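Asks: how would this look folded up:
(chains A and B)
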There are 2 protein chains.
Amino acid sequence: MAPALELLEKPVEYLPVKAVSAISTRASATVLANDIKLENTEKHQRVMNVFRAFIADLCQQYGEGHAGSPMGMAAIGIALYKYVMKYSPGNCNYFNRDRFVLSNGHACLWQYLFMHLVGVESMTLEQLKSYHSSKLDSLCPGHPEIENEGVEVTTGPLGQGLANAVGLAMATKNLAATYNKPGHELVNNMTWCMVGDACLQEGVGLEALSLAGHWKLNNLCVMFDNNAVTCDGTADVANTEDINAKMRATGFNVVDVYNGDSDVAAVTSALVAARSSEKPTFINIRTTIGFGSAKAGTADVHGAALGVDEVANVKRLFGLDPDKHFHIPQDVYEFFSDIPGRGEAHEAGWQKALAKYQEVNPVLAAEFALRVAGKMPEDWTKCIPRKEDQPTAPTASRKSAGVVTNALGGNINSFLIGTADLTPSCNVAYENKVDFQSPELRTACGLNGNYSGRYIHYGIREHAMCAISNGLAAFNKGTFIPMTSTYFVFHLYAAAAVRMAALQGLQQIHIATHDSIGVGENGPTHQPIAVAALYRAMPNVLYIRPCDAEEVAGAYIAAIQATETPTIISLSRQSLTQYPQYSSREGTIKGAYVFTEAEGGDFDVTLIGVGSEMGFAMQTRELLLKNHGIRSRVVSFPCTRLFEQQSREYKHSVLKPRAGKPTVVIEAYPSNGWERYADASVSMNSFGKSLPSKETYEHFGFAPESIAPKVKELVEEVRRDGIGILRGDFRDFNGGLRIGFGH
Amino acid sequence: MAPALELLEKPVEYLPVKAVSAISTRASATVLANDIKLENTEKHQRVMNVFRAFIADLCQQYGEGHAGSPMGMAAIGIALYKYVMKYSPGNCNYFNRDRFVLSNGHACLWQYLFMHLVGVESMTLEQLKSYHSSKLDSLCPGHPEIENEGVEVTTGPLGQGLANAVGLAMATKNLAATYNKPGHELVNNMTWCMVGDACLQEGVGLEALSLAGHWKLNNLCVMFDNNAVTCDGTADVANTEDINAKMRATGFNVVDVYNGDSDVAAVTSALVAARSSEKPTFINIRTTIGFGSAKAGTADVHGAALGVDEVANVKRLFGLDPDKHFHIPQDVYEFFSDIPGRGEAHEAGWQKALAKYQEVNPVLAAEFALRVAGKMPEDWTKCIPRKEDQPTAPTASRKSAGVVTNALGGNINSFLIGTADLTPSCNVAYENKVDFQSPELRTACGLNGNYSGRYIHYGIREHAMCAISNGLAAFNKGTFIPMTSTYFVFHLYAAAAVRMAALQGLQQIHIATHDSIGVGENGPTHQPIAVAALYRAMPNVLYIRPCDAEEVAGAYIAAIQATETPTIISLSRQSLTQYPQYSSREGTIKGAYVFTEAEGGDFDVTLIGVGSEMGFAMQTRELLLKNHGIRSRVVSFPCTRLFEQQSREYKHSVLKPRAGKPTVVIEAYPSNGWERYADASVSMNSFGKSLPSKETYEHFGFAPESIAPKVKELVEEVRRDGIGILRGDFRDFNGGLRIGFGH
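Replies: Coordinates of the predicted model:
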């Protein structure tokens, strides 16, 4: 990739650091990049001065906000936005743009102000001034939000953005390997990621960095705003590792910039070098938090305004008028005035290349166009097994899901399917899969791949797997549908990333197997008692527990149709009875449906069966009739969220709450949340046990012989005393959740 | 610390590798440690052969289990259990024992079998054979469990054990710095941690390693079973970093062992060296998974039995009788027969040292004895502010909590109080705090400390913070009560660790501030919408949301009294109205209580106010009366779990579910779970917004002017049509949780 270093300032003989000499460290002089000489200029210094003063003003207006990092990162911004990054302010979404992620999201003013300076029209002065205001849907919220023009991913929870950036870089690699042809480069953008200390401390960031190094994602450049200050003081209070050595060991090319406060040339040089690196690049840029203020270099300027007097002092130090607020002189605008035109040229060039490509590679071009439009081939529905082809013998739902994944993965390039080192358990390795790997990799076991591969070995890194998936999904919504796979309990490791997917409306499918206490001898550490409660309560997540292969089919259809929503398909390790005469994909898509009415129509009780525990409901139904003459209807309830989208009429037709009969839910999780639909539960009141599958269920009362007598008693009580007695008395048949219980 | 290398085998001239020559790599000859020569002997080889065959038998009996790693780690076990580790098989809990953590918990058979060989009485042959059986409460579950003798922490979810080990090593350092006096060493144990590939890939492990290096925990030794195989194939499928360089950069002393399959002497040498290192030690031990089997070195032996024929082949290769199963010859027992006596001597020595110490340092000795007994000084109650001293002006609950934390931290050595880089926000930095740091540390900001310090800067590492806290709490239950602090939303990063605390019954207090949508401009990424649902459903967790300072006091009392339970105290960033005439610590400890009855006694509706949103309930009550003549009683509901422990009578007296009147809960989380107590909710149906505190609440309908009309309508509907109409029709006043919604 050629550097974008096109327009240069007139070089000057010396760096005018007078305004900042009190703080600034040494400044390098010039840098050669691509045979073009870039020197530090007075204009750079002036732009930085104005930039920093403006940031100080923005935080001062409401007396709060994050001023320190944006002020420290001014030189980095000039290097990136003026000299290196390929983008188009007039069309922030043009497909082959460089992606930029501000992983230290609290420094968002930096990004907003540069967007304004380079000519993103929506980013007006008025918008900038709405930072921390009560303006609804401001384009300048406290952290960058994906809904806003020019923002690739929502950041804030630290480490996430860095992992997202790895996903964005992967997306480019995969598209390039799939669609680029000699002489026809459709996709070749870089991903630039700004990080602070935190992103390099958070586990999710570290996991993602390991993978970026392993995959040799040389289109990724991580820029470390090394201001050496965090909320608690200087960063060495909690971190004294040798970050450069660590990053080299992780597979990165490491470049140092010693005066990131002023040395635009050095930063530019490092960024330009990243474009031609054979490895991902890590640029360690020493900056000064709150540069220019009296408290520069301290934690006091991390998350606070400077104070009125200090803002004035900063302006004086920078040779600016302290009485002018929110002031950007015309010459500063002019400095960036070439950017929109350059951006248009980039985009036009890409459109031209695309047109040529369409002539030469019409079939691939059509698929590419579909994916650029965020669409899947319409015949994806053929990948879902027909009802008549479903198995009838007991089958683990992870196996049933594997059939669908196999078809989707084998036929549709949109699916990038990965696993956190559980290929043998998750059944997601589709036939003839090609692994996403650096083509240079030679593993000891012979399992290699290339960048067109769509099967991803994430290693034992669940959190990064899901956070990287967010980057894949955000590259261009709909171009990829990332799938992940691990045991359901480990979606707790990944929860913060799945939450970010939900918040951003990113479609993805999480294959979550081993979803019950029937996982066998792995024991209580692997039995996901409370995890479902999280995902059922999390906005914009579909958590679906299918009970058999037919419901699995429904789960996939729902997941693929939910284009703005992450879906977790929750699956069993153990074999499940198939119910071809009862189960329904259409019902699954409605979240819950009548599995079977009572024989003869009249009923005494409604049993809710859920996913891997449906068998207990059906067996209990049989036993209740045989032993006690009690007539049960059974409702299958794979997804509470989907059910809540249905009409009141539909809901009542399924649950019949006004029939004066009790409803009992059977699920091996805590009952929390089921009270909305049921009067009693057979549920878990503690963590699980290390026992074989069947014995674990029995130990906790999941057996028709244990359940039926309790239901009978409830039915009789209601017959005797009326349904009113259930109000305020939800029955946890297995006892409520206890404390001081260990397991 | 002196090495425990006391008893030696007769040296032989060469290493008899004939039995394993096909697999074994090079073998070092001898090693000098503390002037004592240890050589590899035929006896070592024989013990390893028997050990490996026995593991193969154990997995074969049920045709499953993890055979590969235990077989590969045999030499490590001899080095550790025979030569280096200080412990007492007759009293696995003696206080100053070395701690051992099997972070790769699936390799548990290794630990179980060594425990048997060294003479832990409970670990019988019969127990060993119950691995993967249906025996309830087997001592040999699929992962080590803390309830069982000789197990320090429950492991299984990868990376957790490694972080626990860091906590265990910290515990030693802190006790040693607090109680050891010249000539009187009460606490000087090592912590040995076995890890596999996964623990070094998982973020939580990486975070913890950074801290161990930063703190220079030279009493920690991490032993890497580097068999280079994971479930998906060879480890290089997902990881090609230079682990030694990375560990060195992280602050570890790195030692290589090239033939960890056979070279007991080399492993022993490395372990002995770890005892006198100035840094924590990382031993990179190359082993062969499934050593001795035909599938050795492949993923096929990771999580499976070898097969009957292959077990026989292994025995033949090792010169053992293939027809003998579960056979341990007498000479192998004899090899370990010195261990119990040596352990008794260790313990007796410690008891003697303790007695001397008590003479010389009676005051410290008394405190130490109390902590060894797992108790706190009885006057901890003095640290809880008296009701009459509570503030009456609006106060953020994080500030009220700070008052209590300040007193506890300042007065009681049991409290180790940490923060994930949010000292300025969490109010947990008690007066005159001393930081837990290496005494050699010199930070740029001048914030230093020593090992007796009890304020912990965890950096931006929430997951490790909580997982390390588990190690602190597990060192000796009750000796430490770890406290952590961060924003509540980041307890999602840490959720897998908090879950492990709950599973293990480890007491700890998590200070979770910024617990509502009122966090201000940090926006939706920082507004913890669904996190509470997780912790309310998680067994053995207390999630407490106090509404004012008095309830904060109750929350701390509950947390301290719950000695087998982690507690999350959920706090506001924003100021909260204080209700001295209504709020009650005693009520808080019961989970919910009547805050105020309706004026005059009769009521139309019960409003449930929760934590940071109590103000809305009280304001709505006022407005309902003023504008509509509707009489409300208000229930404060800080903790669902505590409430569920109360009697049915108490519960009914608080909620009055049979009075025929509706109940409405007001909380800025999803309503999931409240259906048990309420008929309607003012709750969150989506993620939050980037707005100031008050405006965010208003935007989502949290304002008395929005709430009162909805409650009025409900009351009128019930008056008209009876309470029965609410059955099956839970009302989410703000709408239910939606999909495809972004935020």
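Asks: do stretch A:665-676 and chain B meet at all?
Replies: Yes: contact of stretch A:665-676 with chain B (Cβ under 8 Å from any Cβ of the partner chain) involves A:669-670, A:672-673, A:675-676. C-betas here are computed from N, CA, C, even on glycine.
Asks: helix, strand, or coil at residue A:465?
Replies: Following DSSP: H, G, I helix; E, B strand; the rest coil, residue A:465 is assigned to helix.
Asks: neighbours around it, how many?
Replies: 32 (other Cβ atoms under 10 Å in any protein chain shown).
Asks: so it sits against residue A:494, correct?
Replies: Yes: between residue A:465 and residue A:494 there is a contact at 6.6 Å, judged by Cβ atoms under 8 Å.
Asks: which neighbours do the two share?
Replies: A:484, A:486 (Cβ atoms under 8 Å, 6 or more residues apart in numbering or on different chains).
Asks: following element in sequence after the longest helix along chain A, please.
Replies: Longest helix of chain A, by residue count under DSSP state H: helix A:339-360. Next in sequence after helix A:339-360, counting helices and strands by DSSP states H and E, comes helix A:362-372.
Asks: would you mind writing the CA trace of that next one as PDB?
Replies: Taking Å, rounded to 0.1, in the frame of the first residue of the first chain, the C-alpha atoms of helix A:362-372 are listed here in PDB:
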ATOM      1  CA  PRO A 362     -18.500 -10.100 -13.200                       C
ATOM      2  CA  VAL A 363     -19.400 -13.100 -10.900                       C
ATOM      3  CA  LEU A 364     -17.200 -12.200  -8.000                       C
ATOM      4  CA  ALA A 365     -18.200  -8.600  -8.500                       C
ATOM      5  CA  ALA A 366     -21.800  -9.400  -8.100                       C
ATOM      6  CA  GLU A 367     -21.200 -11.200  -4.900                       C
ATOM      7  CA  PHE A 368     -19.000  -8.400  -3.700                       C
ATOM      8  CA  ALA A 369     -21.600  -5.800  -4.500                       C
ATOM      9  CA  LEU A 370     -24.200  -7.800  -2.600                       C
ATOM     10  CA  ARG A 371     -21.900  -7.800   0.400                       C
ATOM     11  CA  VAL A 372     -21.100  -4.100   0.100                       C
END
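Asks: contacts for that helix?
Replies: A:95, A:175, A:179, A:181, A:186, A:354, A:357-358, A:376-377, A:413-414, A:476, A:478-479.
Asks: for the stretch 301-450 of chain A, what spans make up the strands?
Replies: A:395-396, A:415-419, A:435-436, A:449-450 (DSSP state E, counting those that start in this stretch).
Asks: tell me the most buried of the ones you listed?
Replies: Neighbour counts (mean count of other Cβ atoms under 10 Å in any protein chain shown) averaged over each of the strands of the stretch 301-450 of chain A peak at strand A:415-419, with a mean of 25.
Asks: distance from the chain centre to that one, please.
Replies: 14 Å (Cα atoms, centre = their mean, to the nearest Å).
Asks: quick check: whatever residue of the stretch 351-500 of chain A ends up closest to chain B vs residue A:675, distance?
Replies: Residue nearest to chain B within the stretch 351-500 of chain A: residue A:459 (3.2 Å; Cβ to the nearest Cβ). Per Cβ to Cβ, to the nearest Å, residue A:459 is found 40 Å from residue A:675.
Asks: turn the strands of the stretch 301-450 of chain A into CSV, including distance to residue B:483 and mean pLDDT.
Replies: Shown next, in CSV, are these (distance: least, Cβ to Cβ, whole Å; pLDDT from 0 to 100):
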stretch, distance to residue B:483, mean pLDDT
strand A:395-396, 43, 98
strand A:415-419, 37, 98
strand A:435-436, 43, 98
strand A:449-450, 47, 98
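Asks: contact residues of the stretch 1-150 of chain A facing chain B?
Replies: So far as Cβ under 8 Å from any Cβ goes, the stretch 1-150 of chain A lies against chain B at A:64-65, A:105-106, A:132-134, A:136, A:138, A:141-143, A:145, A:147.
Asks: show me which of these are buried.
Replies: Listed as buried from these are A:64-65, A:105-106, A:132-133, A:138, A:141-143, A:145; burial here means 16 or more other Cβ atoms under 10 Å in any protein chain shown.
Asks: can you list the domain ranges for chain A.
Replies: A:69-107+A:149-304+A:333-345, A:378-576, A:590-732 (automatic domain parsing).
Asks: how far does the last one sit from its chain's centre?
Replies: Mean-position distance between domain A:590-732 and its chain equals 35 Å (Cα atoms, centre = their mean).
Asks: span of it from start to end?
Replies: 27 Å (Cα to Cα, to the nearest Å).
Asks: again with the longest one
Replies: Using Cα to Cα, the gap from the first to the last residue of domain A:69-107+A:149-304+A:333-345 comes to 32 Å.
Asks: would you map the helices across the stretch 501-650 of chain A?
Replies: A:531-537, A:549-561, A:585-589, A:614-628, A:640-644, A:648-655 (DSSP state H, counting those that start in this stretch).
Asks: count the neighbours of the residue of the stretch 101-250 of chain A found nearest chain B for me.
Replies: With Cβ to the nearest Cβ, the shortest gap between the stretch 101-250 of chain A and chain B falls at residue A:203, namely 1.9 Å. Other residues near residue A:203 come to 28 when the count uses other Cβ under 10 Å.
Asks: chain neighbours aside, what residue packs nearest to it?
Replies: Nearest residue to residue A:203, sequence neighbours excluded (Cβ to Cβ, 6 or more residues apart in numbering or on different chains): residue B:203, at 1.9 Å.
Asks: need the contact list for that neighbour.
Replies: So residue B:203 contacts A:202-207, A:461, A:463-464, A:493, B:159, B:463 (Cβ under 8 Å, 6+ apart).
Asks: now do residue A:402
Replies: A:426-428.
Asks: give me the pLDDT value at it.
Replies: On the pLDDT scale, residue A:402 is placed at 98.
Asks: also residue A:8?
Replies: Confidence score, pLDDT, at residue A:8: 33.
Asks: cool, and residue A:42?
Replies: Value for residue A:42, per-residue pLDDT: 94.
Asks: the one 5 residues further on now?
Replies: At residue A:47 the predicted local distance difference test score is 97.
Asks: what's the neighbour count on it?
Replies: 26.
Asks: shouldn't it be within a strand?
Replies: No: judged by three-state DSSP, residue A:47 forms no part of a strand; its state is helix.
Asks: ok, it touching residue A:81?
Replies: No: using Cβ under 8 Å, residue A:47 is not in contact with residue A:81, being 10.3 Å away.
Asks: what sits closest to residue A:292 if chain neighbours are left out?
Replies: residue A:314 (4.7 Å).
Asks: ok so, going back, most surrounded residue in the contacts of helix A:362-372?
Replies: Ranking these using other Cβ under 10 Å puts residue A:175 first, with 26 neighbours.
Asks: ok, the residue of the stretch 251-400 of chain A found nearest chain B - contacts?
Replies: Proximity of the stretch 251-400 of chain A to chain B (Cβ to the nearest Cβ) peaks at residue A:251, 5.9 Å away. Going by Cβ under 8 Å, 6+ apart, residue A:251 touches A:210, A:212-214, A:216, A:279-280, B:240-241.
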